[in-house]
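Q: Sequence and predicted model, in that order:
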Amino acid sequence: MTGSARRRTGDSRYGERVPLLAAAVCPHPPLLVPEVAGSAAPELDDLRAACDTAVRRLLATDPDIVVLLGTGPVTGPIRTPATGSLQPWGVDLDVPLVSGQPDRGAVLPLSLTIGAWLLARHDPRVPVTAVQVAADAGPAELAALAEQVDAAGDRVAALVLGDGSACRGEKAPGYDDARALPYDQGVAAALADADLDALLDLDPVVSAELKAAGRAPWQVLAGAARAAGPAWRGELLHDSVPYGVAYFVASWERA
């Protein structure tokens, strides 16, 4: 069935019934970009390769649209044209949300800047849109955003950007916190198993105290996945803590 046919026959929610098809979960450290990392770039080669694998799998599901989802100053969609900048990290590099579109326009937060950079490495041939979610977004806000993500197109693929805790050791950005390891282990297991309940149960207060930037995007993903159907298959492709911050890469598909 073609995309237009699916639009005509889908049931109605925000105008049409549009299930989430697949998701890739990646972190968003600026050091993923080799120009930012400089001589330290090889330290994240494995992480970069895992992100590339997740994005390739995402695009291989033949989506009609890719939604980038990550934390930002407010909650809601970002209209194109939109551009992120890596100048705050010492590199004169602009990253447009959609390659080939006029730059500038709306400003992408760091999470979506890295997401756009990851996606551009694979020259996507499908429309791309972006949604940001405030780090302190509550359950009702997250649930509403999950429905918007699920209603973004006929076959929606989501690239979800988010870091784990930043409290894994004395040199971590948030210093050392004994709660960080079990928190990150729980997130890793949830991403590996596509465990929607476990992600939705993440405590926003503890997440904020551990500086886990992925909490809100992961919960939007879980809500959108639940709206699309209960059967999901996940695979954890990467789990590391190179600089005291937990980085996860996962791939999800409908089972």
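A: Looks like it came in fine.
Q: which stretches of the chain aren't confidently modelled?
A: 1-18, 101-104, 150-153 (pLDDT under 70).
Q: And the strands in it?
A: 20-26, 65-72, 76-78, 82-85, 94-96, 106-107, 128-134, 156-161, 232-240, 247-254 (DSSP state E).
Q: from the chain's centre, how far out does stretch 207-217 sit?
A: In terms of C-alpha atoms, centre = their mean, to the nearest Å, the centre of stretch 207-217 is found 13 Å from the chain centre.
Q: Give me the buried positions along that stretch.
A: Neighbour-count burial for stretch 207-217, counted by 16 or more other C-beta atoms under 10 Å, picks out 207, 209-217. Using the backbone N, CA and C atoms, a C-beta is placed for each residue, glycine as well.
Q: Now for these: which two are most distant?
A: 209 and 217 (17.9 Å; C-beta to C-beta).
Q: Grab the longest helix from the chain for me.
A: With DSSP state H setting the assignment, residue counts place helix 45-60 as the longest helix in the chain.
Q: Mind putting the strands of the chain into TSV with distance to residue 34?
A: As requested, these are arranged in TSV below (distance: least, C-beta to C-beta, whole Å):
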stretch	distance to residue 34
strand 20-26	16
strand 65-72	20
strand 76-78	25
strand 82-85	16
strand 94-96	13
strand 106-107	23
strand 128-134	22
strand 156-161	18
strand 232-240	17
strand 247-254	16
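Q: any chance of those in JSON lines, plus mean neighbour count and distance to residue 186?
A: Below are the strands of the chain laid out as JSON lines (neighbours: other C-beta atoms under 10 Å; distance: least, C-beta to C-beta, whole Å):
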{"stretch": "strand 20-26", "mean neighbour count": "28", "distance to residue 186": "15"}
{"stretch": "strand 65-72", "mean neighbour count": "25", "distance to residue 186": "19"}
{"stretch": "strand 76-78", "mean neighbour count": "17", "distance to residue 186": "29"}
{"stretch": "strand 82-85", "mean neighbour count": "22", "distance to residue 186": "30"}
{"stretch": "strand 94-96", "mean neighbour count": "19", "distance to residue 186": "32"}
{"stretch": "strand 106-107", "mean neighbour count": "15", "distance to residue 186": "33"}
{"stretch": "strand 128-134", "mean neighbour count": "23", "distance to residue 186": "20"}
{"stretch": "strand 156-161", "mean neighbour count": "27", "distance to residue 186": "17"}
{"stretch": "strand 232-240", "mean neighbour count": "18", "distance to residue 186": "12"}
{"stretch": "strand 247-254", "mean neighbour count": "23", "distance to residue 186": "11"}
